[in-house]
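> Provided below for reference: sequence and predicted model.
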Amino acid sequence: MGYSINEEYAIEQDKKDELSRFKDEFYIKDNWYYMDGNSLGLLSKKAERSLLTSLEDWKQFGIDGWMDGKEPWFYYSEKLGKMTSPLIGSNEKETIVTGSITTNLHQMLSTFYQPEGKRTKILADELTFPSDIYAVKSQLELKGYDPGNDLVQVKSRDGLTLREEDIIDAMTNDIALILLPSVLYRSGQLLDMKLLTEEAHKRGIVIGFDLAHSIGAIPHQLHEWNVDFAVWCNYKYLNSGPGGVGGLFVHENHLGRKPGLAGWFGSKKEKQFDMEHTLTHSDTAGAFQIGTPHIFSLAPLLGSLEIFEEAGIENVRTKSLRLTAYLMNLIEDSLSEYGFTISNPQEDYRRGGHVCLQHEEAARICKALKQNGVIPDFRAPNVIRLAPVALYTSYQDVWKTVRILKDIMEEEQYKQFEKGRNVVA
Ligand SMILES: *Cc1c(COP(=O)(O)O)cnc(C)c1O
């Protein structure tokens, strides 16, 4: 059955979908069309169970939970790092679950930003997430540089996307380090990480990526591409819960390097409790941990990663591309008269996991969507992001979302809401 605008087509696609069974793994209310898994993924039964396991370990073992629990807390970050490896194409030593994006960025910048001679600048882009820029600016200042001069932000030609050639042109011989997103948080553009890494290395520049909007949605080959470092959170596509502990990758070529920000959890495991005042840091990515892991914010990730092991990231990507393509087709075919612009790149190889819809009434339309059970998110001033997450969104959910959006526009339902965003958007 070829693509059609009818609901039957969606139902047919769901029947053929090999990932459809995973939807039952998640807590999803009736008549709830959750399109915001790129901001906060949903709770799965497996994640709930792994969190309860750690609570039970605390109940049963007290302090001995560190070594004797069902999931010993002392090795939990390393275990989860190993389970994350297939999602990013790393070997297990290169990967650790720790910190948050922003704290991990501070760790990576304090380790890898080593200005020397003429090479003093950090290259980023003007569309990136604010926290990443705040971290870069403060690291420049800590090393005695001036963000006004030493932070270079590649310009966007259209306010939404970046051109790889513009980024490469900005890789001049005064750049010490490059930090870029894998997928841009607003437009959903996927950058060519392999190409950018090759070009950076040709020029002797260290390069790292923020994988917030690609991990759990898109496969990566960080080791093979020779990416120097990467950071991510686990609460978006990886469904580990609000504020869930993040992760970082350091390429094997750099393991053994002294962490910029040291703490006792960066120790070699067998040395940590020697309590010496000289740190013997781990020779894995574990060296870049700082303090005691936040166990209850780590534990749900175990269950969540088990789901990814079963589903396979390649299958997740294939379905995600189909869902976003289907969503774009439906929007074009049934909403053409209402002034929406699809502003994410259309090609598969340049598209992340969400659709970026622009509309001058975006803020009010988002409020109307929520009232109708569709959960989008709004990015000021005029973007509606819709992420049909492969593990728990059906084709029929996408169909219903567009149906609801059409009703909102036809009946001008959005006009009953106040303009502007809520405090949390
Ligand atoms: C979500 C997100 C963050 C959030 O950082 P935290 O330290 O986890 O709060 C940072 N950068 C990007 C690109 C993001 O998408």
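Nice, thanks for sending it over. Numbering: from 1, shown residues only.
> the ligand contacts on the protein?
Neighbours of the ligand within the chain, by Cβ under 6 Å from any ligand atom: 100-102, 129, 131-132, 181, 185, 210, 212-213, 233, 246. C-beta here means a position set from N, CA and C on the backbone, and glycine is covered the same way.
> go with 8 Å
By Cβ under 8 Å from any ligand atom, the residues of the chain that approach the ligand are 39, 100-105, 128-129, 131-132, 181, 185, 210, 212-213, 233, 235-236, 243, 246.
> buried only: go through those residues for me.
Buried residues within the residues of the chain next to the ligand, counting neighbours by 16 or more other Cβ atoms under 10 Å: 39, 100-105, 128-129, 132, 181, 185, 210, 212-213, 233, 235-236, 246.
> and the residues you listed, which of them are in strands?
Counting by DSSP state E, the part of those found in strands is Pro181, Asp210.
> now, which of the buried ones among the residues of the chain next to the ligand lie within helices?
Members of those lying in helices (criterion: DSSP state H): Ile101, Thr102, Thr103, Asn104, Leu105, Asp132.
> dump these to a markdown table, plus pLDDT and distance to Phe22.
Shown next, in a markdown table, are these (pLDDT from 0 to 100; distance: Cβ to Cβ, whole Å):
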| residue | pLDDT | distance to Phe22 |
| --- | --- | --- |
| Ile101 | 98 | 26 |
| Thr102 | 98 | 30 |
| Thr103 | 98 | 31 |
| Asn104 | 98 | 28 |
| Leu105 | 98 | 31 |
| Asp132 | 98 | 31 |
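> among those residues, which pair sits farthest apart?
For those, the maximum inter-member distance is 12.0 Å, found between Thr103 and Asp132 (Cβ to Cβ).
> the residue nearest the centre of the chain: what's it in contact with?
By Cα atoms, centre = their mean, the chain has its centre lying nearest to Ala212, at 2.0 Å. The neighbours of Ala212, taking Cβ atoms under 8 Å, 6 or more residues apart in numbering as the test, are Ile101, Phe129, Pro181, Ser182, Val183, Tyr185, Trp232, Cys233, Lys236.
> could you do Tyr33 as well?
By Cβ under 8 Å, 6+ apart, the contact set of Tyr33 is Gly373, Val374, Ile375, Thr393, Asp397, Lys400, Thr401, Ile404.
> the third one against Tyr34, yeah?
Put plainly, it is Ile375. Yes - counting by Cβ atoms under 8 Å, Ile375 does reach Tyr34; the two are 4.9 Å apart.
> higher neighbour count, the two?
A direct count of neighbours by other Cβ atoms under 10 Å for Ile375 and Tyr34 places Tyr34 higher, at 22 against 19.
> got the phi and psi for the more buried one?
Main-chain torsions, Tyr34, degrees, to the nearest 10: phi -90, psi 110.
> for it, what are its contacts?
Tyr34 makes contact with Ile28, Leu42, Ile375, Val389, Tyr392, Thr393, according to Cβ under 8 Å, 6+ apart.
> next SSE downstream of the strand or helix carrying Leu179?
Here Leu179 sits within strand 175-181, counting by DSSP states H and E. Sequence order places helix 193-202 as the next helix or strand after strand 175-181, per DSSP H and E.
> what helices and strands are in contact with that following helix?
When contacts are defined as 3 or more Cβ pairs under 8 Å, 6 or more residues apart in numbering; DSSP states H and E, helix 193-202 packs onto helix 164-169, strand 175-181, strand 206-210, helix 222-225.
> what angle sits between it and strand 175-181?
Put simply, helix 193-202 runs at 170 degrees to strand 175-181, going by axes from the mean of the first three to the mean of the last three Cα atoms, to 10 degrees.
> returning to that earlier point: mind putting the contacts of Tyr34 into TSV with secondary structure and pLDDT?
Shown next, in TSV, are the contacts of Tyr34 (DSSP: H, G, I helix; E, B strand; the rest coil; pLDDT from 0 to 100):
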residue	secondary structure	pLDDT
Ile28	coil	97
Leu42	coil	98
Ile375	strand	97
Val389	coil	98
Tyr392	coil	98
Thr393	coil	98
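> can you name the next helix or strand after the helix or strand bottoming out on mean pLDDT in the chain?
Across the helices and strands of the chain, mean pLDDT, DSSP states H and E gives its lowest value to strand 377-379, namely a mean of 92. Following strand 377-379 in sequence order, the next helix or strand is strand 383-386 (DSSP H and E).
> quick one: that following strand to chain centroid distance?
16 Å (Cα atoms, centre = their mean, to the nearest Å).
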